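>>> got a predicted model here, sequence first, then my questions.
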Amino acid sequence: MVKKLSPEDFVASFKLVPRTALNLFIKTHDGKFVLTKRAKPPFVNYWHIPGSFLLKNEKIIDCLMRIASFELGIKPNPKEFRLLNVFENQNDPRGHILDIIYGYRATEEKLKPINETKE
């Protein structure tokens, strides 16, 4: 069963171990790249690649589908995700993050920011 930490436990977890984040680098049908503007801390109003932290017991593919649905309102074909890169981020104010970047070529004509994104 997938489990989301309480906000307090989430912040505290960065003091114990690196956190794994998955990000979607999306290229649209007309050749543009998708960035979203964050609506919650940290980095409110900053542009970023859509992404999220991997939840306990969550499969990577399920996390990627959650990101696509929750942040952009799309339901991509999971077979179309491609691993692009992995890097460490030790400059995030929350703590040490391992970022895993997946690529996706969107065929959907309308991507819309929803939930935790502004634009």
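Great, that's in hand.

>>> pick out the residue nearest the middle of the protein.
Gly51 (0.9 Å; Cα atoms, centre = their mean).

>>> hey, what's that residue bridged with?
When bridges are called by DSSP bridges, Gly51 pairs up with Asn23.

>>> that one: what's it in contact with?
Going by Cβ atoms under 8 Å, 6 or more residues apart in numbering, Gly51 touches 21-24, 67, 99. From N, CA and C alone the C-beta is placed, and that goes for glycine too.

>>> so among these, which ones count as buried?
21-24, 67, 99 (16 or more other Cβ atoms under 10 Å).

>>> of all the residues you listed, which two lie farthest apart?
Greatest spacing in the buried ones among the contacts of Gly51, by Cβ to Cβ: Ile67 and Asp99 (12.7 Å).

>>> for stretch 43-62, the averaged confidence score.
Across stretch 43-62, the average pLDDT comes to 93.

>>> now that stretch - C-alpha only, PDB.
Output of stretch 43-62 as PDB, limited to C-alpha atoms (Å, rounded to 0.1, in the frame of the first residue of the first chain):
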ATOM      1  CA  PHE A  43      10.400  27.700  -4.500                       C
ATOM      2  CA  VAL A  44       6.900  29.200  -4.800                       C
ATOM      3  CA  ASN A  45       6.500  31.000  -8.200                       C
ATOM      4  CA  TYR A  46       9.600  29.400  -9.600                       C
ATOM      5  CA  TRP A  47       9.500  27.500 -12.900                       C
ATOM      6  CA  HIS A  48      10.500  23.800 -12.700                       C
ATOM      7  CA  ILE A  49      10.100  20.400 -14.400                       C
ATOM      8  CA  PRO A  50       7.000  18.700 -13.200                       C
ATOM      9  CA  GLY A  51       7.900  16.100 -10.600                       C
ATOM     10  CA  SER A  52       7.200  14.600  -7.200                       C
ATOM     11  CA  PHE A  53       8.800  12.500  -4.500                       C
ATOM     12  CA  LEU A  54       8.500   8.700  -4.700                       C
ATOM     13  CA  LEU A  55       6.100   7.500  -2.000                       C
ATOM     14  CA  LYS A  56       6.800   4.500   0.200                       C
ATOM     15  CA  ASN A  57       5.800   1.300  -1.700                       C
ATOM     16  CA  GLU A  58       5.000   3.300  -4.900                       C
ATOM     17  CA  LYS A  59       6.300   1.900  -8.100                       C
ATOM     18  CA  ILE A  60       8.200   4.300 -10.300                       C
ATOM     19  CA  ILE A  61       5.800   4.000 -13.200                       C
ATOM     20  CA  ASP A  62       2.900   4.700 -10.800                       C
END
